[in-house]
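Undergrad: okay, predicted coordinates and the sequence, questions at the end:
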Amino acid sequence: MLPERRHDISRLEAFSDAVFAFALTLLVVALDVPKSYGELMTLMAGFVPFAASFALLTWIWYEHNVFFRKYGLQDPWTTTLNAVLLFVVLFYVYPLKFLFTAAFSFFIPALGIKLSITPEQLPRIFAIYGAGFVVLFTMFALLYLQAYRRRRELHLTPLDEFDVRCSIGEHLVSAGVGLVAIAVALFTPMPFPVMSGFTYFLMGPAHWTFGVVSGRRRKALEGNLAAAGV
């Protein structure tokens with residue numbers, strides 16, 4: 001469940017939602033209605049990359065929505081971090097779509113997608129994507145860091161403060177996986193760079209491990225606060 005909103009929707013949030021909506025619009029598979037069977041099959045071949053891109057952008061929007069539902073900060077530093085995040089989202093829309101199209105065409109030839117790309121070029125594309133991934137989740141970590149810095153103004157409880165620190169850690173874990181993907185793409189011998197995209201499957205075990213450790217610490221904190229009558 002999403003956290004309870006503590007404030008009315010701000011202009012900053014409304015602007016951000018408009019940017020996300022525009023970014024999703026740019027991902028549209030095709031603007032024209034297909035006029036032949038060949039054009040229809042080309043359109044259908046682009047469905048899988050489009051779905052992957054759409055899912056990723058929706059995830060980013062969800063993370064953004066969770067932060068602003070919880071804290072709703074509108075100070076200059078938060079606005080700046082949010083602007084950088086939105087800039088990266090818009091800038092990476094076409095590279096993101098191209099990456100997924102290239103990756104699916106390389107690993108699933110049956111889709112019949114034809115792109116002018118070689119296996120040697122694909123790692124560079126993964127590195128470009130990884131850079132955007134790292135920047136995005138670093139911005140999320142910095143947004144939560146700003147919320148932690150303003151914890152007194154936000155009247156956060158000790159558990160709320162712990163949750164903010166955990167959110168910082170979660171996004172740094174995501175950024176760390178992106179750094180590993182970049183390293184695989186740029187610094188490993190062929191054919192391993194081509195497998196850089198599979199590095200993101202580390203997100204599951206990395207976040208599971210972080211969640212288990214954080215969950216235990218949160219329970220310990222809850223027990224300490226209950227014993228202290230807080």
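TA: Happy to help now that I have it.
Undergrad: pull the longest helix from the chain.
TA: In the chain, assigned by DSSP state H, the helix with the most residues is helix 158-187.
Undergrad: quick one: list the elements packing against it.
TA: Judged by 3 or more Cβ pairs under 8 Å, 6 or more residues apart in numbering; DSSP states H and E, the packing partners of helix 158-187 are helix 122-149, helix 203-227. C-betas here are computed from N, CA, C, even on glycine.
Undergrad: which helix or strand contains P189?
TA: Here P189, judged by DSSP states H and E, is contained in no helix and no strand.
Undergrad: need phi/psi at it.
TA: P189 has phi and psi values of phi -70, psi 150 when expressed as degrees, to the nearest 10.
Undergrad: quick one: contacts for it?
TA: P189 sits next to no residue when contact means Cβ atoms under 8 Å, 6 or more residues apart in numbering.
Undergrad: try S196
TA: P123, F126, A127, G130, A181, I182, V184, A185.
Undergrad: so who does the residue nearest to the first one when sequence neighbours are not counted touch?
TA: So the one you mean is P123. In this structure, P123 finds its nearest non-sequential neighbour in P193, 3.3 Å apart by Cβ to Cβ, 6 or more residues apart in numbering. By Cβ under 8 Å, 6+ apart, P193 lies in contact with L122, P123, F126, V184, A185, L186.
Undergrad: what sits closest to T138 if chain neighbours are left out?
TA: Using Cβ to Cβ, 6+ apart and skipping the chain neighbours, the partner closest in space to T138 is A175 (5.1 Å).
Undergrad: tell me the confidence at that neighbour?
TA: Here, the pLDDT recorded for A175 equals 96.
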